[in-house]
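Asks: coordinates only, no sequence provided:
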């Protein structure tokens, strides 16, 4: 039986517009299982297992065959087979199978994580850097002299080589409240206080706001962590509707709403309401496993189709860099196939939306060639 | 193969309990495409197209055949074919095909829009007026003498001929906060301030609250814009749960929660919690296109079946007056067919819920006939 | 055709970890119909019927056969057949058919409701008590002497025989705001004020917070009403995300998030984020009827599978104690069957998740046997 939609989706090249490095050294099994839980910042309880989650089931369904195991291999078999393969080989195997041509890598977080050349080598595609604003701020705080000038210099330098900036404001007090540009004087005083306190882990609102508005001036896409993440972020403070006022004054700089669960419908509304707002479902797709197709369907509600992108948000186990792509391909096929069979969409339109989301929108927004 | 449920739904007459006029003069293509985007108040970005959305796809799937085109005609073909037909003929073709017996028309907004006689003529049904409270307030402000007396007189006059009132409080500061009845003195002082400032576009909370409580006294259904709309309305301020206190003191006057996306589950809860609360999914159904059946399913969760109504909220392109009906018929068939096939519902019950939602509930609440 | 998943789900024994008594004396039909509406605290409007809801349809689909009627019997037939059966026989028939081995009964609410021995007799399983913190507080207020000491004594006494505590903070001002432990002095002063005012229906935040922290010390699971319920509870104040700070400081005591609609995705996130957080979908499943499978699917998103439990929250009509089980069995089959057919899950894993949710998680958390 031919299924031209499935064939197209299976082969379409992806731009993974928000991803992190993979572990260069796998730790013990318990660390791996913790890596399958995003939200919990503590070690998993002894009665629990990272394998007994939608993500854990998806890993064994879709990654096991790449280790020579049958689909749905049990947790012990999976861990045993995985332990026989070197970290380098795991990375090449999983990243290489994702069908990704461009990796946009957030370099602002994580130790024991692959750098850009290693990503390119393992993944077989081009790599581009996404710089994290809060990390730039911490660099600027460590420099002598005027903080604002130091931040601008660091941003100009790092930003020139990067394709985008990223904000984790959601983890630094949340998206609620005033996000207008602070005065120079307020910035100066806030920087003094922060430096006096050690200048580590930026949570000062004035300086966070300053960084956002500097990033807007760079005129490269600005990515925001939205919704689901680890519990350092209060989920209700990561609702993208808190950004409404900021979006009104953000000019033309593209604003990328990342992940978005469980606020994907709110994010889709913002993507319809503002010419410069985009969204994706990275991270959430992996953690939703068998339920990711229902989530992908909701991403395709209010958001115009030229505003939706693909990402894995893979971090840690290289399985995640592959699984994001695999689940997205399976999910969008399931959703669009339903649209086409019910005659709500034509086949040609479905294929066009696949291409827009897989790579065309990202190529346009990030000006990749 | 016979499908008695599909036959019944295809033929059931509708009462469109919240709708606007259609464009009497179509503008250029770009204006039409903007008309397919509800949330954005600016011209669409040059890289974007109103045709590349769920609504745009639905227009080409379901409206194209009424223009003699195949379903899923491309955007250029659709626009070319549409441009060959006069505005009058477009209105007759689309409104006439909706299968609507009664149009309840919100007359409070829009220029270049058909009036009630034109709606009746094009749509082939009866028309009834819904008067917008904020427009009545602006009329009252323009009159000499006591504001409260002027408002009451305008409301008595216009309300006597109308079947319902409508509030766009969501667009005038949002639904959050105190909605109790203000004192006469507070009303007098607020009216003075507003008139002194020019008396245009009412955003004064005291006078907005005054209007709501006067509308309750009229004892005709009071419609509220809820949820999804254009970005003048902050979406989180349009959550119907903000109305909880107001609903507790609203007496018996029917309160109609319109549109509701993405708060349709919250609205359904309110419809179960309060004898006088109703809901619909107008506007959202059109913009959800292929995803509207999933939304219609959620409308059928907590809300009692005698509290759910149909509307298109059509405004501008007459396609929307037709498409609302078409997507509702397709969506409710898809949902109820699933219920019946899984033996959760009997066929007779499904048909009864179709009739309740299509016209019986509206006929009872608005006392039509 | 064999369907091993359906066979397993049909036979799996359930632990109903949150349930109430059934009516020992059925009132008139209107009272019964009101009993099919959870949210409305007033008598249903005369135009309305409790039978014309998802719950009413589900009762007639699934409970009618236990009364000797065909599925989907109409409301009059259902009421007539039900009226021919004694209350005791109704209870035995419905509770006995639920396939429940253990009933964890919240004894803090309701008159004309069966006690624990009657539940055991009708249901054919073991019964265990869940004590309500607010009821314990009201007992303590009625005693002479120091309030804190009286509460601790009552909790020690009642809690020793109970398997869990329950908080209805959602109904006593909501989950928002500070939930830290109050000082002894604040407790003493608040208790004085409350006793002076009569000591009934506790709504004092200091004493509610005191009760929660005492319950944590008991080191038995603490259940919270979350989300959907009657309108005494503002729905937005029952969002489990308001508990985030409390959960960070709640130690190891298991926290059970009950019902959760429409916040089941937020609750699932919390169950992933905190080792000691669990969730269920009781109450909501009954009221969602034909839509409960979609809800059950969302319960299976972010929550680890060792953190999801079954409950009916049955209260009043004994139909609800049976229907909760019936709809859960039908719903989880529908969801997991989809996962297995699409090859996202293996069959053995699906069966394992059924067992975890049906009884294994409850047995472990409540230390039953």
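Replies: Here it is on my side, so go on. Being a predicted model, the structure only gives us computed values, none of them experimental. Residues are numbered from 1 along each chain as shown, chains lettered A, B, ... in the order given.
Asks: so which bits of the stretch 1-150 of chain A are right by chain C?
Replies: Contact residues (CB under 8 Å from any CB of the partner chain) of the stretch 1-150 of chain A with chain C: A:37-42, A:44-45, A:47-49, A:52-54, A:57-58, A:61, A:71-72. For glycine as for every other residue, the C-beta is placed from the backbone atoms N, C-alpha and C.
Asks: tell me what the strand or helix carrying residue A:57 is packed against?
Replies: Using DSSP states H and E, residue A:57 sits in helix A:54-58. Applying 3 or more CB pairs under 8 Å, 6 or more residues apart in numbering or on different chains; DSSP states H and E, one finds that helix A:54-58 contacts helix A:284-288, helix A:319-341.
Asks: that older thread, just the buried residues from the residues of the stretch 1-150 of chain A next to chain C, in PyMOL please.
Replies: Buried members of those, defined by 16 or more other CB atoms under 10 Å in any protein chain shown, are picked up in PyMOL with:
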select buried, chain A and resi 37+38+39+40+44+48+49+52+53+54+57+58+61+72
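Asks: now intersect the residues of the stretch 1-150 of chain A next to chain C with the strands, please.
Replies: Among the residues of the stretch 1-150 of chain A next to chain C, no residue falls in strands (DSSP state E).
Asks: tell me which parts of chain A are close to chain B?
Replies: Counting by CB under 8 Å from any CB, the residues of chain A that sit close to chain B are A:239, A:241-242, A:244, A:248, A:265-266, A:269, A:272-276, A:297-298, A:300-302, A:304-307, A:339, A:342-346, A:348-349, A:356, A:364.
Asks: for chain A, give me the ranges with low pLDDT.
Replies: Applying pLDDT under 70 to chain A picks out residues A:1.
Asks: deepest of the helices and strands packed on helix A:54-58, which one?
Replies: Ranked by mean neighbour count, the helices and strands packed on helix A:54-58 are led by helix A:284-288 with a mean of 29 (mean count of other CB atoms under 10 Å in any protein chain shown).
Asks: give me the next element, helix or strand, following that one.
Replies: Downstream of helix A:284-288, the first helix or strand assigned by DSSP H and E is helix A:292-299.
Asks: give me the angle between that following helix and helix B:292-299.
Replies: Angle between the axes of helix A:292-299 and helix B:292-299 is 100 degrees (criterion: axes from the mean of the first three to the mean of the last three CA atoms, to 10 degrees).
Asks: which helices and strands sit right next to helix A:292-299?
Replies: Secondary elements touching helix A:292-299 (3+ CB pairs under 8 Å, 6+ apart): helix A:264-273, helix A:284-288, helix A:319-341.
Asks: next secondary structure after the first one?
Replies: The first helix or strand that comes after helix A:264-273 along the chain, using DSSP H and E, is strand A:277-279.
Asks: other SSEs contacting that following strand?
Replies: By 3+ CB pairs under 8 Å, 6+ apart, strand A:277-279 packs against strand A:255-259, helix A:264-273.
Asks: okay, the ones you listed in TSV with mean neighbour count and distance to chain C next?
Replies: Below are those laid out as TSV (neighbours: other CB atoms under 10 Å in any protein chain shown; distance: least, CB to the nearest CB, whole Å):
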stretch	mean neighbour count	distance to chain C
strand A:255-259	27	12
helix A:264-273	27	10
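Asks: pipe these into a markdown table and attach distance to residue C:191 per row.
Replies: Shown next, in a markdown table, are those (distance: least, CB to CB, whole Å):
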| stretch | distance to residue C:191 |
| --- | --- |
| strand A:255-259 | 46 |
| helix A:264-273 | 43 |
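Asks: in the stretch 51-200 of chain A, which residue sits nearest chain C?
Replies: Residue of the stretch 51-200 of chain A nearest chain C, by CB to the nearest CB: residue A:72 (3.2 Å).
Asks: and that residue, what does it touch?
Replies: Applying CB atoms under 8 Å, 6 or more residues apart in numbering or on different chains, we find residue A:72 in contact with A:57, A:60, A:61, A:64, C:345, C:346, C:348, C:349.
Asks: so what does the residue lying closest to residue A:299 once chain neighbours are set aside have for phi and psi?
Replies: Sequence neighbours aside, residue A:281 is the residue nearest to residue A:299 in space, at 5.1 Å (criterion: CB to CB, 6 or more residues apart in numbering or on different chains). Backbone geometry at residue A:281, expressed as degrees, to the nearest 10, gives phi -130, psi 30.
Asks: quick one: residue A:281 from residue C:103, how far?
Replies: 41 Å (CB to CB, to the nearest Å).
Asks: just residue A:49 next, same as before
Replies: On the measure of CB to CB, residue A:49 and residue C:103 end up 29 Å apart.
Asks: so residue A:329 sits against residue A:9, correct?
Replies: Yes. Residue A:329 is within contact range of residue A:9, at 5.1 Å (criterion: CB atoms under 8 Å).
Asks: ranges for the strands of chain A?
Replies: Counting by DSSP E, the strands of chain A are A:14-19, A:100-106, A:126-132, A:164-167, A:222-226, A:255-259, A:277-279.
Asks: can you tell me the centre-most residue of chain A?
Replies: Nearest to the mean C-alpha position of chain A, by CA atoms, centre = their mean, lies residue A:313 at 3.5 Å.
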